[in-house]
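A.B. asks: need a structure here:
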Amino acid sequence: MNVDEWFGLNKRHLARTLLRLTGFVQPLERRPLSLPEQAGLINVMWPIVEDARLTSGELARGFYDSERERMTGSIDRHDLYVADYRYEWFVEDIADSVDRLSGDYTVVTDNGAELTSRTGKNAGAGVLAEVMKIVDDGGRETVAKAVEDDPLALGWARIAGGSESCSFCTILISRGPVYADSEAAGAMKAYHRYCDCRSVPVFNRDQWPGRDQYLEAEQQYVQASKDAKEAGVSVETMLRRKIEGRA
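C.D. replies: Just a heads-up that it's a prediction; the model follows:
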């Protein structure tokens, strides 16, 4: 399995999972949910999420094995960790998003201001986006964890999954294969909602899936750093302007 095949299989897997979950979440956007109803939604979603996250991990495992054999010539299978996930973790991760289906809720902005919002389609979309990130993290975490104890692996790199990367992702892609463990990259929290980036293992620093992406992102980062200094803004802000065609 090469990286394109992995991406394709994972994309179809995520689409099927999203379709299943949407059937449970969308009907609940029509009215505020009570606490028991929120708990019920979480319990209904959990077995789907648990199974889908495991599948994401298994797909990543298949790619890891293929890439390892291709790059090292080793046919000895490396016993690697397929990212597990527990119900209590799911509850903690999804609680805030599900709570926004309860009616009015308060959001505190970065400057301390409090804004009141109401349940609606955005709340349901937020639940689905958070759940799909959790599912997708199963593959990302599997690769990152495998690299930690594989003596043949040099590290892992972040690469884009096909769509145009945001400024935040571009910065992380520009770092290349510097990640040796999940802690070094801020674990899986470095992946945001709707992010299609992946973690790929690196066994040779001169040849790995996404190396061209890394070199291009590195050039973008270097240029944005120079422009940001002249404009008196952050590198991420300058990158965002460039991506949006405003600089």
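
A.B. asks: confidence score at residue 72?
C.D. replies: Residue 72 carries a pLDDT score of 90 in this model.

A.B. asks: from now on call the first residue 625
C.D. replies: All right, first residue 625 from here; so that's residue 696.

A.B. asks: hang on, residue 703 in a helix?
C.D. replies: No: under DSSP: H, G, I helix; E, B strand; the rest coil, residue 703 falls outside any helix and is assigned coil.

A.B. asks: longest helix in this protein, please.
C.D. replies: Secondary structure of the chain per DSSP state H: the longest helix is helix 659-696.

A.B. asks: tell me what that helix is packed against?
C.D. replies: helix 627-649, helix 711-723, helix 745-772, strand 822-826 (3 or more Cβ pairs under 8 Å, 6 or more residues apart in numbering; DSSP states H and E). All C-beta spots, glycine's among them, are computed from the backbone N, C-alpha and C.

A.B. asks: state the next helix or strand along the chain beyond the third one.
C.D. replies: What that stands for is helix 745-772. Later in the chain than helix 745-772, the nearest helix or strand by DSSP states H and E is strand 779-783.

A.B. asks: list the contacts of that next one.
C.D. replies: Residues outside strand 779-783 that contact it (Cβ atoms under 8 Å, 6 or more residues apart in numbering): 627, 767-768, 771, 793, 796-797, 799-804, 809, 814, 821-826, 832-834, 837-838.

A.B. asks: would you confirm that residue 665 contacts residue 652?
C.D. replies: Yes: Residue 665 lies in contact with residue 652 (Cβ atoms under 8 Å); the separation is 6.4 Å.

A.B. asks: so what sits against both of these two?
C.D. replies: Shared contacts of residue 665 and residue 652 (Cβ under 8 Å, 6+ apart): residue 725.

A.B. asks: how about the contacts made by the residue nearest the centre of the chain?
C.D. replies: Closest to where the C-alpha atoms of the chain average out (Cα atoms, centre = their mean) is residue 815, at 3.9 Å. The contact partners of residue 815, by Cβ under 8 Å, 6+ apart, come to 757, 760-761, 764, 821.

A.B. asks: also residue 786?
C.D. replies: Applying Cβ under 8 Å, 6+ apart, we find residue 786 in contact with 631, 635, 820.

A.B. asks: if we use 10 Å, what do you get?
C.D. replies: Residues counted as contacts of residue 786 (Cβ atoms under 10 Å, 6 or more residues apart in numbering) are 628, 631-632, 635, 820-822.

A.B. asks: what's stretch 668-675 in contact with?
C.D. replies: Under Cβ under 10 Å, 6+ apart, the answer for stretch 668-675 is 641, 644-645, 648-649, 666, 676, 708-711, 714-715, 717-718, 722, 751-752, 755-756, 758-759, 762.

A.B. asks: go on, stretch 840-849?
C.D. replies: With Cβ under 10 Å, 6+ apart, stretch 840-849 has contacts from 782-784, 789, 791, 793-800, 834, 852, 855, 857-867, 871.

A.B. asks: may I see the ChimeraX selection of the buried members of the residues you listed?
C.D. replies: Here is the ChimeraX selection string for the buried members of those, based on 16 or more other Cβ atoms under 10 Å:
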select :782,783,784,789,791,793,794,795,796,797,798,799,800,834,852,859,860,862,863,864,865,866,867
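
A.B. asks: these two touch, right, residue 641 and residue 680?
C.D. replies: Yes: using Cβ atoms under 10 Å, residue 641 is in contact with residue 680, at 8.7 Å.

A.B. asks: show me which of these two is the more surrounded one.
C.D. replies: Using other Cβ atoms under 10 Å as the criterion, residue 641 and residue 680 rank with residue 680 on top: 26 against 22.
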